[in-house]
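> Have a look; sequence and predicted model below, questions after that.
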Amino acid sequence: MPHPLAPYAADPALSRGRLHAEPGGETRGPRDAFQRDRDRIIHSIAFRRLRHKTQVFVAPGGDHFRVRLTHSLEVAQIGRTIARALGLNEDLTEALCLAHDFGHPPFGHSGEEALSEAIADAGGFDHNAHTLRILTRLESPYPRWEGLNLSWEMLEGLAKHNGPIGAPPWALAEVDAAFPLDLDRWPSLEAQVAAVADDIAYDNHDIDDGLRAGLIDLDEIVALPLVAPGWATARARYPDLAPERLVPELIREQIGRMVNDVLAETRRRIAEAGAGSVEAVRAAGRALAGFSAAMAAEEREFTRFMYARLYHHPAQRAAGEKARRVIAGLTAAYRADPALLPAGWRDRLPEAEPARARHIADFIAGMTDRYAIARYREIVGPIDLGTEG
(Lines give C-alpha, C1' and ligand atoms only; values in the text may rest on other atoms or scores of the structure.)
Protein backbone atom coordinates (compact mmCIF):
# COMPACT_ATOMS: atom_id res chain seq x y z
CA MET A 1 0.00 0.00 0.00
CA PRO A 2 1.46 3.42 -0.93
CA HIS A 3 2.40 5.68 1.95
CA PRO A 4 0.30 8.85 2.34
CA LEU A 5 1.95 12.03 1.12
CA ALA A 6 2.71 14.90 3.47
CA PRO A 7 1.09 18.23 2.53
CA TYR A 8 4.49 19.60 1.47
CA ALA A 9 5.22 16.67 -0.87
CA ALA A 10 5.08 16.79 -4.67
CA ASP A 11 1.80 15.23 -5.80
CA PRO A 12 1.79 13.60 -9.25
CA ALA A 13 -1.93 14.37 -9.57
CA LEU A 14 -1.03 18.08 -9.37
CA SER A 15 1.94 17.96 -11.73
CA ARG A 16 2.48 20.94 -14.02
CA GLY A 17 2.62 18.42 -16.83
CA ARG A 18 5.01 17.74 -19.68
CA LEU A 19 6.22 19.95 -22.50
CA HIS A 20 4.46 17.68 -25.00
CA ALA A 21 0.97 16.57 -24.02
CA GLU A 22 0.47 12.82 -23.77
CA PRO A 23 -3.20 11.81 -23.90
CA GLY A 24 -4.17 9.71 -20.89
CA GLY A 25 -5.35 6.83 -23.05
CA GLU A 26 -1.77 6.18 -24.09
CA THR A 27 -0.56 5.44 -20.57
CA ARG A 28 0.96 1.98 -20.50
CA GLY A 29 0.02 0.40 -17.20
CA PRO A 30 -1.24 1.87 -13.92
CA ARG A 31 1.53 4.42 -13.33
CA ASP A 32 1.35 8.04 -12.24
CA ALA A 33 3.47 10.82 -13.76
CA PHE A 34 6.46 10.39 -11.48
CA GLN A 35 6.49 6.61 -11.76
CA ARG A 36 6.63 7.02 -15.53
CA ASP A 37 9.50 9.48 -15.16
CA ARG A 38 11.44 6.96 -13.08
CA ASP A 39 10.80 4.17 -15.58
CA ARG A 40 11.92 6.35 -18.50
CA ILE A 41 15.15 7.06 -16.67
CA ILE A 42 15.84 3.38 -15.94
CA HIS A 43 15.15 2.33 -19.54
CA SER A 44 17.31 5.09 -21.05
CA ILE A 45 20.62 4.63 -22.84
CA ALA A 46 22.13 7.37 -20.66
CA PHE A 47 21.38 5.29 -17.56
CA ARG A 48 23.08 2.23 -19.02
CA ARG A 49 26.18 4.24 -19.91
CA LEU A 50 26.72 5.14 -16.25
CA ARG A 51 28.13 1.66 -15.60
CA HIS A 52 31.33 2.60 -17.44
CA LYS A 53 31.74 6.20 -16.27
CA THR A 54 34.15 7.41 -13.60
CA GLN A 55 32.93 8.05 -10.07
CA VAL A 56 36.26 8.71 -8.31
CA PHE A 57 38.76 6.39 -9.99
CA VAL A 58 39.45 6.76 -13.72
CA ALA A 59 38.86 3.48 -15.61
CA PRO A 60 39.45 1.46 -12.42
CA GLY A 61 41.25 -1.84 -12.75
CA GLY A 62 39.27 -3.50 -9.95
CA ASP A 63 35.68 -4.67 -10.18
CA HIS A 64 34.75 -3.50 -6.69
CA PHE A 65 35.15 0.26 -7.09
CA ARG A 66 32.10 2.46 -7.54
CA VAL A 67 31.17 3.84 -10.93
CA ARG A 68 28.45 6.38 -11.75
CA LEU A 69 25.80 3.67 -12.01
CA THR A 70 26.44 2.01 -8.66
CA HIS A 71 26.79 5.41 -7.03
CA SER A 72 23.43 6.51 -8.45
CA LEU A 73 21.76 3.35 -7.14
CA GLU A 74 23.21 3.99 -3.69
CA VAL A 75 22.00 7.61 -3.78
CA ALA A 76 18.52 6.39 -4.73
CA GLN A 77 18.43 3.94 -1.82
CA ILE A 78 19.33 6.68 0.66
CA GLY A 79 16.97 9.17 -1.01
CA ARG A 80 14.00 6.80 -0.85
CA THR A 81 14.66 6.12 2.84
CA ILE A 82 14.61 9.83 3.67
CA ALA A 83 11.63 10.53 1.42
CA ARG A 84 9.54 7.79 3.00
CA ALA A 85 10.31 8.98 6.52
CA LEU A 86 9.31 12.56 5.61
CA GLY A 87 6.17 11.61 3.68
CA LEU A 88 7.60 12.80 0.36
CA ASN A 89 6.99 11.27 -3.05
CA GLU A 90 9.38 8.33 -3.23
CA ASP A 91 9.08 7.82 -6.98
CA LEU A 92 10.05 11.40 -7.83
CA THR A 93 12.90 11.27 -5.31
CA GLU A 94 14.18 8.01 -6.76
CA ALA A 95 13.97 9.27 -10.34
CA LEU A 96 15.93 12.41 -9.44
CA CYS A 97 18.60 10.36 -7.67
CA LEU A 98 18.97 7.94 -10.57
CA ALA A 99 19.29 10.69 -13.20
CA HIS A 100 21.34 13.29 -11.32
CA ASP A 101 24.69 12.28 -12.90
CA PHE A 102 23.55 11.70 -16.49
CA GLY A 103 25.41 14.76 -17.74
CA HIS A 104 28.87 13.77 -16.59
CA PRO A 105 31.31 13.19 -19.45
CA PRO A 106 33.90 10.41 -19.26
CA PHE A 107 36.52 10.68 -16.50
CA GLY A 108 34.39 12.67 -14.06
CA HIS A 109 35.41 16.19 -13.09
CA SER A 110 38.73 15.96 -14.94
CA GLY A 111 36.86 15.18 -18.13
CA GLU A 112 34.37 17.98 -17.52
CA GLU A 113 37.10 20.57 -17.01
CA ALA A 114 38.86 19.49 -20.20
CA LEU A 115 35.67 19.47 -22.28
CA SER A 116 34.61 22.89 -20.99
CA GLU A 117 38.02 24.33 -21.89
CA ALA A 118 37.95 22.65 -25.31
CA ILE A 119 34.66 24.33 -26.28
CA ALA A 120 35.12 27.55 -24.31
CA ASP A 121 34.52 29.47 -27.54
CA ALA A 122 31.09 27.79 -27.78
CA GLY A 123 29.98 28.55 -24.22
CA GLY A 124 31.79 25.80 -22.34
CA PHE A 125 30.31 22.68 -20.75
CA ASP A 126 28.43 22.13 -17.47
CA HIS A 127 27.49 18.59 -16.45
CA ASN A 128 24.28 19.53 -14.63
CA ALA A 129 23.01 21.58 -17.57
CA HIS A 130 24.01 18.72 -19.87
CA THR A 131 21.81 16.36 -17.85
CA LEU A 132 18.83 18.49 -18.86
CA ARG A 133 20.06 18.62 -22.47
CA ILE A 134 20.22 14.82 -22.60
CA LEU A 135 16.73 14.42 -21.18
CA THR A 136 15.04 17.08 -23.30
CA ARG A 137 16.90 16.77 -26.59
CA LEU A 138 19.58 14.13 -27.08
CA GLU A 139 17.91 10.95 -25.85
CA SER A 140 14.93 10.64 -28.17
CA PRO A 141 13.20 7.24 -28.17
CA TYR A 142 9.76 8.68 -28.95
CA PRO A 143 8.59 9.26 -32.54
CA ARG A 144 6.80 12.59 -31.97
CA TRP A 145 9.29 14.69 -29.99
CA GLU A 146 12.87 15.09 -28.83
CA GLY A 147 13.85 13.96 -25.36
CA LEU A 148 12.12 11.79 -22.77
CA ASN A 149 9.33 14.34 -22.22
CA LEU A 150 9.67 14.17 -18.43
CA SER A 151 7.40 16.00 -16.03
CA TRP A 152 8.03 19.63 -15.09
CA GLU A 153 8.76 18.57 -11.51
CA MET A 154 11.43 16.14 -12.68
CA LEU A 155 13.20 18.70 -14.84
CA GLU A 156 12.88 21.38 -12.17
CA GLY A 157 14.41 19.07 -9.58
CA LEU A 158 17.37 18.15 -11.76
CA ALA A 159 18.01 21.74 -12.76
CA LYS A 160 17.89 23.15 -9.23
CA HIS A 161 18.69 20.29 -6.84
CA ASN A 162 21.53 22.41 -5.43
CA GLY A 163 19.38 25.53 -5.22
CA PRO A 164 18.21 28.48 -7.37
CA ILE A 165 20.25 29.41 -10.45
CA GLY A 166 20.79 33.06 -11.24
CA ALA A 167 22.89 32.74 -14.38
CA PRO A 168 22.12 29.43 -16.11
CA PRO A 169 24.69 27.95 -18.51
CA TRP A 170 23.66 28.02 -22.16
CA ALA A 171 22.35 24.44 -22.21
CA LEU A 172 20.10 25.02 -19.21
CA ALA A 173 19.00 28.41 -20.56
CA GLU A 174 17.80 26.69 -23.75
CA VAL A 175 15.73 24.20 -21.76
CA ASP A 176 14.31 26.95 -19.56
CA ALA A 177 13.34 29.03 -22.58
CA ALA A 178 11.28 26.14 -23.98
CA PHE A 179 9.77 24.98 -20.66
CA PRO A 180 10.29 27.61 -17.90
CA LEU A 181 11.51 25.97 -14.68
CA ASP A 182 11.34 28.91 -12.22
CA LEU A 183 15.11 28.86 -11.88
CA ASP A 184 15.14 31.67 -9.32
CA ARG A 185 13.19 29.63 -6.73
CA TRP A 186 14.05 26.63 -4.59
CA PRO A 187 12.96 23.21 -5.88
CA SER A 188 10.74 20.61 -4.23
CA LEU A 189 11.79 18.79 -1.09
CA GLU A 190 12.20 15.69 -3.23
CA ALA A 191 14.95 17.44 -5.19
CA GLN A 192 16.55 18.78 -2.01
CA VAL A 193 16.55 15.27 -0.53
CA ALA A 194 18.17 13.89 -3.68
CA ALA A 195 20.99 16.42 -3.27
CA VAL A 196 21.68 15.57 0.37
CA ALA A 197 21.41 11.83 -0.38
CA ASP A 198 24.14 12.36 -2.98
CA ASP A 199 26.36 13.95 -0.31
CA ILE A 200 25.74 11.11 2.16
CA ALA A 201 26.43 8.44 -0.46
CA TYR A 202 29.71 9.76 -1.78
CA ASP A 203 31.02 10.86 1.62
CA ASN A 204 30.72 7.32 2.95
CA HIS A 205 31.38 5.23 -0.11
CA ASP A 206 34.46 7.23 -1.01
CA ILE A 207 35.86 6.15 2.37
CA ASP A 208 35.36 2.54 1.32
CA ASP A 209 36.88 3.04 -2.14
CA GLY A 210 39.74 5.18 -0.86
CA LEU A 211 40.71 2.55 1.71
CA ARG A 212 40.37 -0.22 -0.89
CA ALA A 213 42.76 1.67 -3.18
CA GLY A 214 45.22 2.29 -0.36
CA LEU A 215 45.12 6.06 -0.87
CA ILE A 216 43.78 7.03 2.56
CA ASP A 217 44.74 5.82 6.03
CA LEU A 218 42.15 4.25 8.32
CA ASP A 219 43.63 5.69 11.51
CA GLU A 220 43.47 9.20 10.06
CA ILE A 221 39.94 8.90 8.68
CA VAL A 222 38.43 7.56 11.91
CA ALA A 223 39.92 10.45 13.88
CA LEU A 224 37.78 12.98 11.98
CA PRO A 225 34.77 14.35 13.94
CA LEU A 226 32.32 13.15 11.27
CA VAL A 227 33.63 9.57 11.39
CA ALA A 228 34.77 9.13 15.01
CA PRO A 229 31.31 8.45 16.57
CA GLY A 230 30.47 5.71 14.06
CA TRP A 231 33.90 4.14 14.52
CA ALA A 232 33.54 4.15 18.30
CA THR A 233 30.16 2.46 18.00
CA ALA A 234 31.48 -0.18 15.60
CA ARG A 235 34.49 -0.91 17.81
CA ALA A 236 32.33 -1.22 20.91
CA ARG A 237 29.89 -3.52 19.16
CA TYR A 238 32.60 -5.84 17.78
CA PRO A 239 35.71 -5.33 19.97
CA ASP A 240 37.42 -8.53 18.80
CA LEU A 241 37.27 -7.86 15.05
CA ALA A 242 40.30 -6.58 13.15
CA PRO A 243 39.96 -2.89 12.15
CA GLU A 244 39.71 -3.62 8.42
CA ARG A 245 36.78 -5.97 9.06
CA LEU A 246 34.94 -3.13 10.78
CA VAL A 247 34.94 -0.77 7.81
CA PRO A 248 31.59 -1.98 6.38
CA GLU A 249 30.03 -1.63 9.83
CA LEU A 250 31.46 1.88 10.09
CA ILE A 251 29.91 2.83 6.73
CA ARG A 252 26.49 1.51 7.77
CA GLU A 253 26.67 3.31 11.12
CA GLN A 254 27.82 6.52 9.46
CA ILE A 255 25.05 6.55 6.84
CA GLY A 256 22.44 5.97 9.54
CA ARG A 257 23.81 8.78 11.69
CA MET A 258 23.79 11.24 8.79
CA VAL A 259 20.31 10.21 7.62
CA ASN A 260 18.90 10.64 11.15
CA ASP A 261 20.49 14.09 11.36
CA VAL A 262 18.91 15.11 8.04
CA LEU A 263 15.49 13.87 9.15
CA ALA A 264 15.58 15.78 12.44
CA GLU A 265 16.92 18.98 10.88
CA THR A 266 14.57 18.89 7.90
CA ARG A 267 11.52 18.39 10.11
CA ARG A 268 12.69 21.32 12.23
CA ARG A 269 13.11 23.60 9.19
CA ILE A 270 9.75 22.59 7.70
CA ALA A 271 8.01 23.42 10.97
CA GLU A 272 9.94 26.68 11.35
CA ALA A 273 9.02 27.75 7.81
CA GLY A 274 5.40 26.67 8.22
CA ALA A 275 5.69 24.94 4.84
CA GLY A 276 2.30 23.34 4.30
CA SER A 277 2.55 22.82 0.54
CA VAL A 278 5.11 22.19 -2.15
CA GLU A 279 4.67 25.80 -3.31
CA ALA A 280 5.50 26.97 0.21
CA VAL A 281 8.68 24.88 0.01
CA ARG A 282 9.62 26.61 -3.25
CA ALA A 283 8.89 30.02 -1.76
CA ALA A 284 10.77 29.41 1.51
CA GLY A 285 13.85 31.27 0.29
CA ARG A 286 16.26 28.64 1.62
CA ALA A 287 16.90 24.93 1.68
CA LEU A 288 14.52 23.05 3.97
CA ALA A 289 16.29 19.69 3.65
CA GLY A 290 19.83 19.38 4.92
CA PHE A 291 22.26 18.68 7.72
CA SER A 292 22.17 20.38 11.10
CA ALA A 293 24.76 23.13 11.62
CA ALA A 294 26.94 20.80 13.68
CA MET A 295 26.80 17.97 11.14
CA ALA A 296 27.38 20.38 8.25
CA ALA A 297 30.55 21.67 9.95
CA GLU A 298 31.79 18.10 10.44
CA GLU A 299 30.98 17.27 6.82
CA ARG A 300 32.93 20.29 5.53
CA GLU A 301 36.01 19.25 7.53
CA PHE A 302 35.65 15.71 6.20
CA THR A 303 35.39 17.00 2.62
CA ARG A 304 38.57 19.06 3.02
CA PHE A 305 40.38 15.92 4.22
CA MET A 306 39.09 13.86 1.28
CA TYR A 307 40.17 16.48 -1.24
CA ALA A 308 43.63 16.63 0.25
CA ARG A 309 44.14 12.88 0.68
CA LEU A 310 42.01 11.22 -2.01
CA TYR A 311 40.65 13.45 -4.76
CA HIS A 312 43.94 15.39 -5.08
CA HIS A 313 46.21 12.44 -4.32
CA PRO A 314 49.22 12.41 -6.69
CA ALA A 315 48.02 9.16 -8.27
CA GLN A 316 44.59 10.69 -8.86
CA ARG A 317 46.10 13.87 -10.27
CA ALA A 318 48.28 11.89 -12.67
CA ALA A 319 45.29 9.87 -13.92
CA GLY A 320 43.26 13.08 -14.18
CA GLU A 321 45.92 14.75 -16.33
CA LYS A 322 45.91 11.81 -18.74
CA ALA A 323 42.10 11.86 -18.81
CA ARG A 324 42.15 15.57 -19.66
CA ARG A 325 44.56 14.81 -22.49
CA VAL A 326 42.12 12.24 -23.90
CA ILE A 327 39.17 14.65 -23.86
CA ALA A 328 41.17 17.59 -25.21
CA GLY A 329 42.68 15.42 -27.95
CA LEU A 330 39.34 13.97 -29.02
CA THR A 331 37.67 17.37 -29.12
CA ALA A 332 40.48 18.88 -31.18
CA ALA A 333 40.48 15.95 -33.59
CA TYR A 334 36.73 15.97 -34.18
CA ARG A 335 36.59 19.74 -34.56
CA ALA A 336 39.45 19.67 -37.05
CA ASP A 337 38.01 16.77 -39.05
CA PRO A 338 34.30 16.06 -38.42
CA ALA A 339 34.53 13.17 -40.91
CA LEU A 340 35.97 11.21 -37.96
CA LEU A 341 32.55 11.27 -36.29
CA PRO A 342 30.31 8.20 -36.61
CA ALA A 343 27.90 8.45 -39.53
CA GLY A 344 24.80 9.35 -37.50
CA TRP A 345 26.57 12.14 -35.63
CA ARG A 346 28.29 13.34 -38.80
CA ASP A 347 25.00 13.52 -40.69
CA ARG A 348 23.44 15.71 -38.01
CA LEU A 349 26.43 18.04 -37.62
CA PRO A 350 25.30 21.71 -37.75
CA GLU A 351 26.98 24.00 -40.24
CA ALA A 352 27.47 27.00 -38.00
CA GLU A 353 29.10 27.68 -34.66
CA PRO A 354 28.51 27.45 -31.73
CA ALA A 355 26.04 24.66 -32.53
CA ARG A 356 28.74 22.73 -34.39
CA ALA A 357 31.15 22.58 -31.42
CA ARG A 358 28.30 21.83 -29.03
CA HIS A 359 27.22 18.91 -31.18
CA ILE A 360 30.73 17.45 -31.04
CA ALA A 361 30.76 17.99 -27.27
CA ASP A 362 27.43 16.16 -27.02
CA PHE A 363 29.04 13.14 -28.70
CA ILE A 364 32.12 13.18 -26.46
CA ALA A 365 30.13 13.75 -23.26
CA GLY A 366 28.08 10.65 -24.00
CA MET A 367 31.16 8.44 -24.21
CA THR A 368 32.04 5.96 -21.49
CA ASP A 369 35.58 5.99 -20.14
CA ARG A 370 36.63 2.94 -22.12
CA TYR A 371 35.02 4.12 -25.36
CA ALA A 372 36.82 7.47 -25.07
CA ILE A 373 40.14 5.70 -24.52
CA ALA A 374 39.54 3.44 -27.52
CA ARG A 375 38.60 6.34 -29.80
CA TYR A 376 41.63 8.35 -28.67
CA ARG A 377 43.96 5.46 -29.49
CA GLU A 378 42.24 5.06 -32.84
CA ILE A 379 42.31 8.65 -34.06
CA VAL A 380 44.97 10.44 -31.95
CA GLY A 381 47.56 8.00 -30.62
CA PRO A 382 48.60 5.68 -27.77
CA ILE A 383 47.90 6.49 -24.15
CA ASP A 384 48.21 4.52 -20.93
CA LEU A 385 46.02 5.62 -18.04
CA GLY A 386 47.71 3.07 -15.79
CA THR A 387 44.45 1.93 -14.15
CA GLU A 388 42.68 -0.12 -16.77
CA GLY A 389 41.88 -3.75 -16.11
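Sure, I can see it. Remember, predicted model here, so these are calculated numbers, not experimental data. Residues are numbered from 1 along each chain as shown.
> pLDDT score assigned to the residue sitting furthest away from the middle of the chain?
Each residue of the chain has a distance to the centre, and by C-alpha atoms, centre = their mean the biggest one is for residue 240: 38.3 Å. Here the pLDDT value assigned to residue 240 is 94.
> Also residue 320?
So residue 320 comes in at 87 (pLDDT).
> State the number of residues packed around it.
22 (other C-beta atoms under 10 Å). Glycine gets a C-beta too; all of them are placed from N, C-alpha and C.
> same deal with residue 244?
Number of residues near residue 244 (other C-beta under 10 Å) recorded here: 9.
> Surely it and residue 217 touch.
No: the pair residue 244 and residue 217 fails to qualify as a contact (C-beta atoms under 8 Å) at a distance of 11.9 Å.
> what's the overlap in contacts for those two?
By C-beta atoms under 8 Å, 6 or more residues apart in numbering, residue 244 and residue 217 have no common neighbours.
> Residue 366 and residue 131 touch, don't they?
No: judged on C-beta under 8 Å, residue 366 makes no contact with residue 131 at a distance of 11.8 Å.
> show me where the stretch 1-150 of the chain has helices.
Along the stretch 1-150 of the chain, counting by DSSP state H, counting those that start in this stretch, helices occupy 33-42, 45-49, 68-86, 90-99, 108-118, 127-133.
> Centre-most residue in the chain?
Most central in the chain under C-alpha atoms, centre = their mean is residue 101, positioned 2.9 Å from the mean C-alpha point.
> check contacts around that one.
50, 53, 68, 71, 72, 127, 131 are the contacts of residue 101 under C-beta under 8 Å, 6+ apart.
> ok, now how distant is it from residue 109?
Distance from residue 101 to residue 109, counting by C-beta to C-beta, to the nearest Å: 11 Å.
> do you know how far the residue nearest to the centre of the chain is from residue 185?
For residue 101, the distance to residue 185 (C-beta to C-beta) stands at 24 Å.
> Ok, residue 352 next?
Residue 352 sits 35 Å away from residue 185, taking C-beta to C-beta as the criterion.
> These two - which one has more neighbours?
Between residue 352 and residue 185, counted using other C-beta under 10 Å, the more crowded position is residue 185 (17 against 6).
> With the flanking residues excluded, which residue is spatially nearest to the more buried one?
Take residue 185 and drop its neighbours on the chain: the residue closest to it by C-beta to C-beta, 6 or more residues apart in numbering is residue 282, 4.7 Å away.
> neighbours around the one you found, how many?
Neighbourhood size, residue 282 [other C-beta under 10 Å]: 20.
> For it, give me its contacts.
Residue 282 neighbours (C-beta under 8 Å, 6+ apart): 182, 185, 186, 187, 188.
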